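Undergrad: what follows is a protein structure lacking sequence information:
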């Protein structure tokens, strides 16, 4: 009847008997449920399972291919193992000389950028493939890398199921690209079976800042930084668009703000997703916070901080205003999206946030998360003369402060000599 396939253990904690063992009796596929993992392992070993590896699974696509191979084996009066080996030998004979892992990853990233992959996806390639390259070594041979290497690296580096799935998606997509017909750098057999089984978790619901807490936070911000934080709450700017993590990344500057037209232009170089957008019809109270900055000071970046000092400053302000710790994910932006949705509608809000291609997701994300009275109170948080933070300057040290301290230290040293 051909070669018996390995038994697969799939975990499903949502049912009363979470451990399901899938095995084969000849060509027939059977399923058995167990209440605990020990019994599932014992039963699986009886049916040919040698070692538990949750990174291996058989997809529906693979089952169709297995059925075709078995049918061909019956017609040719041979075994499935011989047919698979003959196919692998044919692929090995046609394979093009493959570059080393480091060069292959560089080519893949260059091809992805040329194909117009958005900024967030390119950043994932840099992070996940960069880690895999450091783990395996840039001089590793592609044909020597197996599914075990990929899944083991995922378990060693990431504990969050969402991060594991993101990592696996990027690395497996890279090897599929390597195995395409025009390259044939990698064997397409092993990674088509790789799928790390992790329990799916619901995405955390968005956290909305109450209007009174937003007011307390903004009134505790130092005067020179109030405009930057106001843009995050009342225009939906991301921190990455205000304060760049990388030195080559551009950030929002004062010349992108049109005070007469009441618009804010976020260019593709500034946008986190590399897609330009024009923010208009946003909260009217925003312009009071921006106009409070003297016209002579409206040059350069709106928020003149590096990312590390920005986070330290935000944490110090949040502690003084009794805001949640840790800082909720995308708190200002989610608050802006929610309150804007209730006051200005879906179309204006998805335009200002840059989510024009996914209105249904945005609608389900923010509908029913607040009431219109709260949105109205949010729109009435105005700048007030003299209401700004003080006593938190210890939390940050700007580049100008560092230069001044160095100069003073040099003067003291020179005087001592």
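TA: Alright, I've got the coordinates. All values reported here derive from a predicted model rather than from experimental measurement.
Undergrad: okay, now the domains of the chain?
TA: Listed by automatic domain parsing, the domain ranges of the chain are 8-94, 101-191, 211-404.
Undergrad: I'd like those as JSON lines, with mean neighbour count, mean pLDDT and distance to residue 410 appended.
TA: (Glycine included, C-beta is placed from N, CA and C.) Shown next, in JSON lines, are those (neighbours: other Cβ atoms under 10 Å; pLDDT from 0 to 100; distance: least, Cβ to Cβ, whole Å):
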{"stretch": "domain 8-94", "mean neighbour count": "13", "mean pLDDT": "63", "distance to residue 410": "57"}
{"stretch": "domain 101-191", "mean neighbour count": "16", "mean pLDDT": "79", "distance to residue 410": "38"}
{"stretch": "domain 211-404", "mean neighbour count": "17", "mean pLDDT": "83", "distance to residue 410": "11"}
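Undergrad: could I get these as TSV with distance to residue 413?
TA: Output for these, formatted as TSV (distance: least, Cβ to Cβ, whole Å):
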stretch	distance to residue 413
domain 8-94	59
domain 101-191	41
domain 211-404	15
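Undergrad: distance check, residue 231 against residue 147.
TA: Going from residue 231 to residue 147 by Cβ to Cβ, to the nearest Å gives 46 Å.
Undergrad: how distant is the helix or strand hosting residue 133 from the center of its chain?
TA: Element membership of residue 133, judged by DSSP states H and E, is helix 130-136. Its chain's C-alpha centre and that of helix 130-136 lie 18 Å apart, by Cα atoms, centre = their mean, to the nearest Å.
Undergrad: downstream of it, the next helix or strand is which one?
TA: Next element after helix 130-136 (DSSP H and E): helix 147-157.
Undergrad: which strands and helices sit next to that following helix?
TA: Helix 147-157 sits against helix 130-136, helix 161-178, helix 188-191, with contacts defined as 3 or more Cβ pairs under 8 Å, 6 or more residues apart in numbering; DSSP states H and E.
Undergrad: of those, which approaches residue 304 most closely?
TA: Residue 304 lies closest to helix 130-136 among the helices and strands packed on helix 147-157, at 29.5 Å (Cβ to Cβ).
Undergrad: what sits up against the closest one?
TA: The set of residues external to helix 130-136 that reach it, using Cβ atoms under 8 Å, 6 or more residues apart in numbering, is 101, 102, 105, 145, 149, 150, 153, 156, 157, 167, 171.
Undergrad: out of those residues, what pair is the most spread apart?
TA: For the contacts of helix 130-136, the farthest-apart pair by Cβ to Cβ is 102 and 156; their separation is 19.9 Å.
Undergrad: follow-up on the earlier one: and the contacts of helix 130-136 as CSV, adding distance to residue 289?
TA: Formatted as CSV, the contacts of helix 130-136 follow (distance: Cβ to Cβ, whole Å):
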residue, distance to residue 289
101, 50
102, 48
105, 44
145, 53
149, 52
150, 49
153, 46
156, 46
157, 42
167, 40
171, 44
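Undergrad: just curious, which of those is nearest to residue 309?
TA: The closest of the contacts of helix 130-136 to residue 309 turns out to be residue 157 (Cβ to Cβ; 28.1 Å).
Undergrad: so that closest one touches residue 171, yeah?
TA: No. Here residue 157 lies out of contact with residue 171, judged by Cβ atoms under 8 Å, at a distance of 11.2 Å.
Undergrad: quick check, pLDDT for residue 410.
TA: Looking at residue 410, its pLDDT stands at 79.
Undergrad: neighbours around it, how many?
TA: Neighbourhood size, residue 410 [other Cβ atoms under 10 Å]: 10.
Undergrad: can you check the one 5 residues further on too?
TA: Around residue 415 there are 7 other residues, counting by other Cβ under 10 Å.
Undergrad: so which residues make contact with stretch 266-276?
TA: 118-120, 237-238, 240-241, 249-252, 256, 265, 277-279, 354.
Undergrad: go again with 10 Å.
TA: 116-123, 235-242, 244, 248-253, 256, 265, 277-279, 352, 354-357 (Cβ atoms under 10 Å, 6 or more residues apart in numbering).
Undergrad: now, the residues you listed that are in strands?
TA: 265, 277, 278, 279 (DSSP state E).
Undergrad: mind putting the residues you listed in TSV, distance to residue 409 included?
TA: TSV is the format used below for the ones in strands among the contacts of stretch 266-276 (distance: Cβ to Cβ, whole Å):
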residue	distance to residue 409
265	42
277	45
278	46
279	43
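Undergrad: which among the residues you listed gets closest to residue 414?
TA: Distances from residue 414 to those, taken as Cβ to Cβ, are shortest for residue 265 (47.6 Å).
Undergrad: wait, the closest one sits on residue 254?
TA: No. The pair residue 265 / residue 254 is not scored as a contact, 11.5 Å apart, by Cβ atoms under 10 Å.
Undergrad: helices along the stretch 151-300 of the chain, start to end?
TA: Here the stretch 151-300 of the chain has its helices, by DSSP state H, counting those that start in this stretch, at 161-178, 188-191, 211-218, 226-234, 239-242, 286-291.
Undergrad: so after the last one, what's the next helix or strand?
TA: Read in the C-terminal direction, the helix or strand following helix 286-291 is helix 307-320, with elements assigned using DSSP H and E.
Undergrad: helices or strands up against that next one?
TA: Other elements packing on helix 307-320 under the criterion 3 or more Cβ pairs under 10 Å, 6 or more residues apart in numbering; DSSP states H and E are helix 211-218, helix 226-234, helix 239-242, helix 331-344.
Undergrad: so how far is it off the chain centroid?
TA: Centre-to-centre, helix 307-320 and its host chain are 22 Å apart (Cα atoms, centre = their mean).
Undergrad: same thing with stretch 328-337?
TA: On the basis of Cα atoms, centre = their mean, stretch 328-337 sits 16 Å off its chain's mean C-alpha point.
Undergrad: with stretch 213-233 instead?
TA: 27 Å.
Undergrad: straight-line length of it, end to end?
TA: 12 Å (Cα to Cα, to the nearest Å).
Undergrad: again with stretch 294-307
TA: By Cα to Cα, the extent of stretch 294-307 from end to end equals 24 Å.
Undergrad: what's the answer for stretch 211-229, then?
TA: 15 Å.
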